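In: what's the 3D shape of this:
(chains A and B)
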There are 2 protein chains.
Amino acid sequence: MYKLFYMPMCAASRAAKIILYEKKIVFDSINEPIWQRRIDFLKINPEGDLPVIIDDQNIKIVGYFSLAYYLDETNVGLNLIGDNALDRLEVRRLCRWLSNKFYKEVMDNIVEERVFKSLKGLGNPSSECLKAGRVNLKNHENYFEWLLKDRTFLAGEFFSLADIVYSAYMSTLDYLSEVSWERIGYTKKWYAKIKSRPSFKDILKEKLFTIPASKHYQDLDF
Amino acid sequence: MYKLFYMPMCAASRAAKIILYEKKIVFDSINEPIWQRRIDFLKINPEGDLPVIIDDQNIKIVGYFSLAYYLDETNVGLNLIGDNALDRLEVRRLCRWLSNKFYKEVMDNIVEERVFKSLKGLGNPSSECLKAGRVNLKNHENYFEWLLKDRTFLAGEFFSLADIVYSAYMSTLDYLSEVSWERIGYTKKWYAKIKSRPSFKDILKEKLFTIPASKHYQDLDF
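Out: As a prediction, the model looks like this:
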C-alpha cells in the first residue's frame, strides 16, 4: 500500500492527497510534524519537506508535482497533466505560479502565520504579514478569476493538476475564512464543482482544535 | 528565432541559457530588469518573473523547468530529463530541492542581497542575511558533495537538468567568491567538467560593473 506523509492544513499535502484519490490509489496517511525534524523522516526526505509519498514498490516521491508526473509516466490512473505539449505547458505554468509566487506571497503570510507558527512555538501571527498576505491574496484571486471567466477549468477545458493545487490552497484559506467568495463569482462556481468531487471529501473533514472552520467550509452548495 | 528574457547573474536565467545551448537552439537574449515591472513584459508573463522564453512559433514558456520539459516533449535536441521514470523522478527531486530550498535559503540571502538589492535601490546587503546564507550554503554543498561522491553527474550517470541548475547556481555564487572549492573536492571535479561544456561559455563571460569576478571564475582548469 502507498504511504503519504502528511500534515493537516498543509496545502501541498492536501494536493498530494487529492491526486492519490483521483488516481484511485489506496494509501495510508501518516501525520508528520515536520518542524520536529525527526531523523527517520529526514532519512526518507533529507529536504525535510512535505508531502512525501512511498509507493507500493518502496519508491520515494517528493512533492505533489513529482507525484502527478511519476504516476502519469508510469500510466497509473487518470492523466492530470494534459495530453499534449501545449496543455502541459499551461498546467506547468500555473503550478509554478502557485508553488512559487502564490505560496510565498499568500500562504507563507497567512497559513504559516495563523496555523503553523503557534504549532512551532514561534508565538502569535504578525499583523504585518497577515495584512500583506491578504492584499496579495486579492491580487492572485483576481488573476485566477480572470482565467476562469473564459475557462471551465484552470488550465483550459480539462481537469488537471492546476485545479488540484489551486483548490487545495483555496481550501486551506477557506477553512480560515480568508476568502471572500462573493467577490470572485467564476472562481466560486469552479470551486463548488471541485469540492464536490469524491477526492475532496477527506479534506473537508479536517479540523483544527485551535481554529474552527468557516461556516460554509463543508457546504457543497455554498 | 527564439527569444530569451534574461538578467545577468540571475541563476534561473542562466539555467535557461544553458538549456538552449545544450539543445542547440539559436536565440536572442533580451535583458529584462524585472524590478522595473515593465507593462510589455508583464503582458508576456503576468507572474513577472524570469526566465521567459518565446519560441519560433511564438509560444511562451515560463521558467527553466518548463523549458526543458516542453523541448523534451516536442523532441527538440538532447534529452535533459532522463529517459525512464526513475531517472526522471531523481532529476525532479533535485530540481525541486534547488528551486525551493536552495533558492530560499542560499540564493535569496546571498545573491539577492549582494547583487540585486542595490540594483533595486534597496540599499546595502544585510549582514544577518549573508551570514545565514553562508551557513546554509555549506549545508547544501555538503549534501550535493555526498551525492557526487558516488555519481558522475548529479542525478546519476547521465547529464541532466539537475546538473544545469546546480551549476548555474554555483556559477553565480562562484563569481561572487562565495564557494570554497577545496572543501568540496567531488563537486569541484564535477563543476570543472560542466564549465568546460560549450553551453557554459557565455555564462563565464558575464561581468558586473560593481563586483569583479572571483580570480578563477573563467579558469576551466581551476
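In: going forward, measure contacts between C-alpha atoms and count neighbours the same way
Out: OK.
In: show me the contacts for the nearest residue to A:Arg114 once chain neighbours are set aside.
Out: Distances taken as CA to CA, 6 or more residues apart in numbering or on different chains put A:Pro125 closest to A:Arg114, at 5.6 Å, once the chain neighbours are dropped. Contacts for A:Pro125 were tallied using CA atoms under 8 Å, 6 or more residues apart in numbering or on different chains; they are A:Glu113, A:Arg114, A:Lys117, A:Ser118.
In: what does chain A put close to chain B?
Out: A:47, A:61-62, A:66, A:70, A:73-74, A:85, A:89, A:92-93, A:97, A:100-101 (CA under 8 Å from any CA of the partner chain).
In: how about 10 Å then?
Out: Counting by CA under 10 Å from any CA of the partner chain, the residues of chain A lying close to chain B are A:45-49, A:59-63, A:65-67, A:69-74, A:84-86, A:88-94, A:96-102, A:140, A:143.
In: buried residues of stretch A:11-31, list them for me.
Out: Neighbour counts over stretch A:11-31 (16 or more other CA atoms under 10 Å in any protein chain shown) mark A:11-23, A:27 as buried.
In: what about the strands in chain A?
Out: Using DSSP state E, the strands of chain A run over A:2-6, A:27-31, A:52-54, A:60-62.
In: returning to that earlier point: let me know the closest of the contacts of A:Pro125 to A:Tyr217.
Out: When the contacts of A:Pro125 are ranked by distance to A:Tyr217 (CA to CA), A:Arg114 comes first, at 17.1 Å.
In: got a pLDDT number for that closest one?
Out: Listed pLDDT for A:Arg114 reads 95.
In: which residues sit in contact with the most centrally placed residue in chain A?
Out: Residue closest to the mean C-alpha point of chain A, counted by CA atoms, centre = their mean, is A:Ala168 at 3.0 Å. Listed by CA atoms under 10 Å, 6 or more residues apart in numbering or on different chains, the contact partners of A:Ala168 are A:9-18, A:162, A:174, A:194-195, A:200, A:203.
In: so for A:Arg14, what's the nearest residue that isn't a sequence neighbour?
Out: For A:Arg14, ignoring the flanking residues on the chain, the nearest one in space by CA to CA, 6+ apart is A:Ala168 at 5.7 Å.
In: let me fix that: A:Leu94
Out: Distances taken as CA to CA, 6+ apart put A:Ala162 closest to A:Leu94, at 6.0 Å, once the chain neighbours are dropped.
In: ok, A:Ser199 - how many residues close by?
Out: For A:Ser199, the count of nearby residues is 18 (other CA atoms under 10 Å in any protein chain shown).
In: and chain A, what are its domains?
Out: A:2-73, A:85-205 (automatic domain parsing).
In: which residues touch A:Thr152?
Out: Shown in contact with A:Thr152 (CA under 10 Å, 6+ apart): A:Phe158, A:Phe159, A:Tyr186, A:Lys189, A:Trp190.
In: my bad, A:Cys129
Out: Counting by CA under 10 Å, 6+ apart, A:Cys129 makes contact with A:Glu105, A:Val106, A:Asp108, A:Asn109, A:Ile110, A:Glu112, A:Glu113, A:Arg114.
In: against A:Ala162, how distant is it?
Out: 26 Å (CA to CA, to the nearest Å).
In: check the offset of the lowest-mean-pLDDT helix or strand in chain A from the chain's centre.
Out: Counting by mean pLDDT, DSSP states H and E, the weakest-scoring helix or strand in chain A turns out to be helix A:117-119, with a mean of 85. Here helix A:117-119 is found 20 Å from its chain centre; the criterion is CA atoms, centre = their mean, to the nearest Å.
In: what helices and strands are in contact with it?
Out: Helices and strands touching helix A:117-119, as assessed by 3 or more CA pairs under 10 Å, 6 or more residues apart in numbering or on different chains; DSSP states H and E, are absent.
In: rewinding a little: now the strands of chain A in JSON lines, with mean pLDDT?
Out: Converted to JSON lines, the strands of chain A look like this (pLDDT from 0 to 100):
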{"stretch": "strand A:2-6", "mean pLDDT": "97"}
{"stretch": "strand A:27-31", "mean pLDDT": "96"}
{"stretch": "strand A:52-54", "mean pLDDT": "98"}
{"stretch": "strand A:60-62", "mean pLDDT": "97"}
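In: ranges for the helices of chain A?
Out: Using DSSP state H, the helices of chain A run over A:11-22, A:39-44, A:64-73, A:85-97, A:108-111, A:117-119, A:127-149, A:161-175, A:185-195, A:201-205.
In: hey, least reliable of these by pLDDT?
Out: Lowest mean pLDDT of these: helix A:117-119, a mean of 85.
In: rewinding a little: just the closest of the buried residues of stretch A:11-31 to chain B, please.
Out: Using CA to the nearest CA, A:Ala12 comes nearest to chain B of those, at 13.1 Å.
In: for the closest one, what are its contacts?
Out: A:Ala12 sits next to A:6, A:49-51, A:63-65, A:99, A:103, A:164-166, A:168-169 when contact means CA under 10 Å, 6+ apart.
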